[in-house]
Each structure stands twice: as structure tokens, then as C-alpha cells.
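Student: Coordinates for the following, if possible.
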Amino acid sequence: MALALVASASFCPVDAAKKKNKVVEQPVETLRLNNSSDSVSYAAGMNLTNGLIPFLLQQKVDTALMADFVRGFQDAVKTADDPRQKAYAVGMDIARQVTERMLPGVTNEFKDSPDSIVPSLFYKGFTDALLKDTSIFKTAAAETYFVERQAFDKAAKTEKLWGPNRDAGKKFLEENAKNDSVITLPSGLQYKVLVKGEGEVPLANEKVQVNYEGRLIDGTVFDASAKHGDKPAEFTPTQVIKGWTEALTMMPVGSKWQLYIPYELAYGEREAGDIKPYSTLIFDVELVGIDRPKAETPAEPAKTTKKTKKSKK
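Tutor: All right, here's what the predicted structure looks like:
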């Protein structure tokens with residue numbers, strides 16, 4: 001018995017250490033669906049996750065952290081009726097929209113202008129307005145200042161980026177107007193007759209068939225009817241830029257003109273593909289035809305045959 005007790009005593013510390021280091025596993029709660037309502041509810045929840053993963057990826061959520069997503073979902077469900085938690089959650093969502101869309105948009109707008117956007121001050125102005133803190137700006141004053149500065153910076157940015165392009169176009173037109181074969185109209189449109197047509201002149205609302213090629217003043221071709229198929233392009237003069245509208249409603253069918261269009265009668269301050277803002281454009285335009293409905297030939301009246309009565313004998 002003594003040896004047994006000693007042996008037993010020698011093993012007790014070891015057993016105790018094992019018990020101390022042993023990880024106690026929590027029992028897994030088994031979900032029971034007791035009736036059809038339970039089953040429908042569970043299945044509905046599962047079905048609502050269809051398409052969620054692509055959406056989360058679109059929102060730049062790391063799907064390897066799905067346990068964290070679930071934890072956030074469960075916390076939000078538990079506090080759904082708490083007004084404070086609801087306000088907090090909406091604030092988080094608005095913050096995401098501001099940081100991902102609004103701030104980048106404003107930052108890009110002021111890029112290459114005299115001013116730039118400082119994110120920390122942008123966020124501070126945003127929250128101060130919501131908390132009605134007017135120690136820096138009154139709300140109306142902030143709006144007025146921003147709108148005025150926005151307009152100033154836009155003009156400065158435009159001048160910096162596209163002023164040289166505008167000036168080059170004006171210089172080109174001034175030199176081009178000295179050419180005896182070039183006609184300059186009061187609108188600023190210039191044209192040269194390459195082929196004199198003898199056909200009818202289209203009205204502004206009539207569909208025309210046109211072959212054309214468009215170039216920048218440096219000779220770069222940016223568009224041509226040949227790029228869009230073998231047939232001439234079809235449209236009404238009111239569907240195109242102002243320079244084209246004016247020219248087409250002066251051209252007889254069969255004409256081919258070279259148009260020199262100032263930016264005011266082209267795309268103005270807008271950028272259109274290879275056409276930069278304030279671009280003067282050159283077009284070779286051939287008016288092939290006008291799509292006018294043919295006049296219907298009136299139908300001839302039906303011929304009637306006169307019947308003669310037979311005389312009785």
C-alpha cells in the first residue's frame with residue numbers, strides 16, 4: 001500500500017498538469033427546425049445571400065474576413081432598434097460613400113488648378129456643418145466662397161490646359177481667311193468649295209446623305225464616314241454641330257466643301273474622343289443626297305363601261 005501511495009502521489013502532479021493544459025471544448029448548439037415556418041425562415045435567409053459575395057467584392061471587402069463581416073452583421077441585428085446605433089451605422093455608411101466617391105470627385109475637379117483639396121480639412125468641414133459649428137464659416141458664406149472659387153479654379157485650369165489649343169485654332173483661322181478661295185461667314189464659319197453642286201439645298205429638318213472626313217488643324221484624322229461602312233452617313237442638319245448645320249443648309253446636292261469650324265461652332269469647351277476642348281476642326285464634306293419622300297402619283301379613275309339596253313322585238 002505504501003508503494004502504491006507513493007506511486008499514486010508521483011503521478012498526481014503530472015495528471016494535474018495535463019488537466020490544466022487541456023482545452024475545454026464548448027458544446028456546439030444544434031439548430032433544430034421544428035416546423036415548416038422554421039424551415040422556410042432558415043431557407044429564406046440562405047437564399048438572400050445569393051449574389052452577396054460579388055457585391056462584397058465590389059465594395060472592396062476581403063471575403064477571407066467573413067467571420068468579421070458576420071460579427072458586424074449580428075451586432076447590427078441585435079441593435080437594430082437602438083436609435084444611437086442606427087445613427088452610428090448610417091454615419092459609417094455615409095463615410096464610406098464620401099471617402100470612396102465624393103472626395104475623389106472633388107479632388108479630381110481641383111487637380112491642375114491653383115487650389116487642391118486637403119482630406120482632413122474636407123472631413124472637418126463636413127462634420128462641422130452637421131454639428132452646426134459656424135466658428136470658421138457661416139453655412140451660406142461657405143457655399144458662396146466655394147462656388148466662386150470653384151468657378152475661378154475651373155477657368156484657370158481650362159486656361160492652363162487648353163488655352164494654347166484655343167489660341168492655335170484662332171491663329172489658324174486668321175491665316176486661313178487670307179486665302180482667296182476661302183469664304184468667311186459672319187458666324188465665323190469658313191469654307192472652300194471643292195466641287196460645285198447643282199442639286200437642291202436641304203432644309204434643316206430633312207435627312208441628308210453625307211460622305212465626310214474630320215481632321216484637327218495638325219492633320220490628325222479623328223473621324224470619317226468610311227470608318228462606319230460603305231454607305232454615306234445619314235442624319236438631319238439639326239443633329240450635328242452648329243458649323244455643320246449652317247454649311248449643310250447652304251450646300252446644293254453634289255457639292256463638296258472643305259469646312260473650317262471654330263471651336264464655338266464645334267464642341268466648345270467639351271472633350272469628344274480625340275477632339276480636345278477649344279479645338280478648331282477641318283471637315284471635307286460631300287453632300288450626296290436628300291432623303292425626301294417621293295410624291296405619290298394620283299391614281300387614275302377607274303374606267304366604266306356603259307351598258308346598252310337590248311330592245312325587245
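
Student: Report the central residue of the protein.
Tutor: In the chain, the centroid-proximal residue (CA atoms, centre = their mean) is residue 105; its distance is 12.6 Å.

Student: which SSE is that residue in?
Tutor: helix 103-109 (DSSP states H and E).

Student: Tell me the helix or strand right after that helix.
Tutor: Next along from helix 103-109, by DSSP H and E: helix 119-130.

Student: Give me the buried positions along that following helix.
Tutor: Within helix 119-130, the residues scored as buried using 16 or more other CB atoms under 10 Å are 125, 128. Where you see a C-beta, it was placed from the backbone N, CA and C, and this is true even at glycine.

Student: Can you list the neighbours in contact with it?
Tutor: The contact list for helix 119-130 (CB atoms under 8 Å, 6 or more residues apart in numbering) reads 98, 103, 106, 107, 134, 135, 136, 137, 139, 142.

Student: 7 Å instead?
Tutor: The contact list for helix 119-130 (CB atoms under 7 Å, 6 or more residues apart in numbering) reads 98, 103, 136, 139.

Student: What subset of the residues you listed is buried?
Tutor: residue 103.

Student: Identify the residues contacting residue 156.
Tutor: For residue 156, the contacting residues are 113, 114, by CB under 7 Å, 6+ apart.

Student: just the one 4 residues further on next, same as before
Tutor: Under the criterion of CB under 7 Å, 6+ apart, the contact list for residue 160 reads residue 112.

Student: helix or strand for residue 67, which one?
Tutor: Element membership for residue 67 (DSSP H and E) is helix 66-78.

Student: Following element in sequence after that helix, please.
Tutor: Once the chain leaves helix 66-78, the next helix or strand it forms, by DSSP H and E, is helix 83-97.

Student: Please, where are all the strands along the stretch 201-313 of the chain?
Tutor: With DSSP state E, counting those that start in this stretch, the ranges of strands along the stretch 201-313 of the chain come out as 207-216, 221-224, 233-235, 256-261, 281-291.

Student: ok, back up a step: which of the contacts of helix 119-130 lies closest to residue 113?
Tutor: Lowest distance from residue 113 to those (CB to CB) belongs to residue 103, with 16.0 Å.

Student: quick one: pLDDT of the closest one?
Tutor: pLDDT, residue 103: 95.

Student: Export the strands of the stretch 201-313 of the chain to CSV and append columns for distance to residue 50, mean pLDDT and mean neighbour count.
Tutor: CSV is the format used below for those (distance: least, CB to CB, whole Å; pLDDT from 0 to 100; neighbours: other CB atoms under 10 Å):
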stretch, distance to residue 50, mean pLDDT, mean neighbour count
strand 207-216, 48, 97, 18
strand 221-224, 45, 96, 15
strand 233-235, 45, 95, 15
strand 256-261, 54, 98, 22
strand 281-291, 51, 96, 19
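
Student: Can you check which of those strands gets nearest to residue 193?
Tutor: Evaluated over the strands of the stretch 201-313 of the chain, closeness to residue 193 peaks at strand 256-261, with 5.7 Å, by CB to CB.
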